[in-house]
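>>> below are the sequence and a predicted model; questions follow.
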Amino acid sequence: MISILQFKASNTAMERQNSELYLRNCQIMMENERLRKKAQRLNQENQALLSELRRKLAAINAKRKPEFEGDMGSSSASDQMEANKRQALE
């Protein structure tokens, strides 16, 4: 049988271990909260950068569109001139 002294010593060791585990758990929860907030800030920053990138790409595409249409127009004009030359030769 376990003596009273052994039981008290065992109980004290368990209480100490329980206290250590409790403190470690509190530290982990605090670190988890800190990391959650950091992840949230990084996500917000990422969303802002993505939005800025999309705005810049839209501006670039808006500038390129008239140039592209102009190139097609000149290409069509040169195609038309070639067709006119062929007709004149026939």
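Happy to help now that I have it.
>>> all strands for this protein, in order.
Using DSSP state E, the chain contains no strands.
>>> what about it, any weak spots by pLDDT?
Applying pLDDT under 70 to the chain flags the ranges 1-2, 4-7, 66-78, 80-81, 85-90.
>>> kindly recompute the last result at 90.
1-13, 63-90 (pLDDT under 90).
>>> how close does the residue nearest the centre of the chain get to L53?
Among the residues of the chain, N46 comes closest to the average C-alpha position under C-alpha atoms, centre = their mean, at 5.1 Å. N46 sits 10 Å away from L53, going by C-beta to C-beta, to the nearest Å. Quick note: C-beta positions are derived from backbone N, CA and C, even for glycine.
>>> for R16, same thing?
Applying C-beta to C-beta to R16 and L53 gives a distance of 55 Å.
>>> could you do A9 as well?
From A9 to L53 the distance is 65 Å (C-beta to C-beta).
>>> cool, N61 as well?
12 Å.
>>> how about the helices in this structure?
Secondary structure of the chain by DSSP state H: the helices cover 4-89.
>>> now for L53, how many residues are close by?
When neighbours are defined as other C-beta atoms under 10 Å, L53 has 10 of them.
>>> meant to ask about M14
10.
>>> and it, how far is that from L21?
The gap separating M14 from L21 is 10 Å, by C-beta to C-beta.
>>> same check, this time on A9
On the measure of C-beta to C-beta, A9 and L21 end up 19 Å apart.
>>> for M29, same thing?
In this view, M29 and L21 are 13 Å apart by C-beta to C-beta.
>>> also N11?
When N11 is compared with L21 (using C-beta to C-beta), they lie 15 Å apart.
>>> same deal with A59?
57 Å.
>>> burial check on K38, number of neighbours?
10.
>>> dump the C-alpha coordinates for stretch 33-47 into PDB.
Extracted C-alpha coordinates of stretch 33-47, given in PDB (Å, rounded to 0.1, in the frame of the first residue of the first chain):
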ATOM      1  CA  GLU A  33      -2.800  34.800 -30.700                       C
ATOM      2  CA  ARG A  34       0.300  36.900 -31.700                       C
ATOM      3  CA  LEU A  35       0.800  34.800 -34.800                       C
ATOM      4  CA  ARG A  36      -2.900  35.000 -35.700                       C
ATOM      5  CA  LYS A  37      -2.800  38.800 -35.600                       C
ATOM      6  CA  LYS A  38       0.400  38.800 -37.600                       C
ATOM      7  CA  ALA A  39      -1.100  36.500 -40.200                       C
ATOM      8  CA  GLN A  40      -4.200  38.800 -40.400                       C
ATOM      9  CA  ARG A  41      -1.900  41.900 -40.900                       C
ATOM     10  CA  LEU A  42       0.000  40.100 -43.600                       C
ATOM     11  CA  ASN A  43      -3.200  39.100 -45.300                       C
ATOM     12  CA  GLN A  44      -4.400  42.700 -45.300                       C
ATOM     13  CA  GLU A  45      -1.100  43.900 -46.700                       C
ATOM     14  CA  ASN A  46      -1.200  41.200 -49.400                       C
ATOM     15  CA  GLN A  47      -4.800  42.200 -50.300                       C
END
